[in-house]
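J.: Need coordinates for the following:
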Amino acid sequence: MPVKYVNIISKGLRTGSDTDERGIFSIISYPGDTLIFTSIGYQPAFIQIPPGIESPVFTIDVIMTIDTINIGSVLVLPWRTYEEFKRAVVDYVSPREIEIKNMENNLALIERQIGEDLDITPEAGYRYAMQQEAERVMTRNQTPVNNLFNPFAWAKFINGLKNGLLKNKKSKKKENRDNNGYEDYPD
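T.: Numbering: from 1, shown residues only. Modelled structure (predicted):
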């Protein structure tokens, strides 16, 4: 079976060529020159053109030997050493565990933020739940209300702004500092 795209080099003239899809090639050389045939997966072949050739055209079939080395399978791992691998196995945390931990952290953060702004009492929780339920019952089978166009919601928002709804509590601490950089604490 012909080998496709074999590289051919004339050792004497230092010129090259290659075979086509059918393994056919043409190269300019001279009698006594050595042709080197190379291809990936084959051993290099060295053919010397006979010195007594009178014809300008020389035809030759070159037999190339398969050069295959079987190696064992290679397993590529993301650890540099076996010690790093053992440490990673021992310290393994599943993605699900990471997700649960992040959810717990988020819940704790939300609880802290709510706790800073509001004093949650059972009565306040009950009132909030009842307001939500009343709103759900009133808007059942209707398009949800868009409070962007609700003048009462705007009035509530503006009153909240006047009362410091969007003020940062950290900026309040900065306002309480005197010129020395110490906070003023009430006695």
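J.: can you list contacts of stretch 15-28?
T.: Outside stretch 15-28, the residues that touch it by C-beta atoms under 8 Å, 6 or more residues apart in numbering are Pro2, Val3, Lys4, Tyr5, Val6, Asn7, Ile8, Ile9, Ser10, Leu13, Ser29, Leu35. For the C-beta atoms, the positions are set from N, CA and C on the backbone; glycine is no exception.
J.: sec struct for the third one, please.
T.: Reducing the assignment to helix, strand or coil with DSSP: H, G, I helix; E, B strand; the rest coil, the entry for Lys4 is coil.
J.: Now the buried members of the contacts of stretch 15-28.
T.: Among the contacts of stretch 15-28, those classed as buried by neighbour count (16 or more other C-beta atoms under 10 Å) are Val6, Ile8, Ile9, Ser10, Ser29, Leu35.
J.: Go through those residues and flag which are in strands.
T.: The strands, defined by DSSP state E, take in Ile8, Ile9, Ser10, Leu35 from the buried ones among the contacts of stretch 15-28.
J.: who are the neighbours in contact with the closest residue to the third one other than its chain neighbours?
T.: Right, Ser10. Distance criterion C-beta to C-beta, 6 or more residues apart in numbering; nearest residue to Ser10, sequence neighbours excluded, is Ser29 at 4.7 Å. For Ser29, the contact set (C-beta under 8 Å, 6+ apart) comprises Ser10, Gly12, Leu13, Thr15, Leu35, Ile49.
J.: domain parsing for this protein?
T.: 1-67, 77-140 (automatic domain parsing).
J.: just these: most buried one?
T.: Among the domains of the chain, domain 1-67 has the highest mean neighbour count (mean count of other C-beta atoms under 10 Å), at a mean of 12.
J.: Which residue, other than its chain neighbours, is closest to Gly160?
T.: What sits nearest to Gly160 in space, not counting adjacent residues and going by C-beta to C-beta, 6+ apart, is Leu166, at 7.8 Å.
J.: and that neighbour, that one's in a strand?
T.: No - judged by three-state DSSP, Leu166 forms no part of a strand; its state is coil.
J.: Thank you kindly, that will do.
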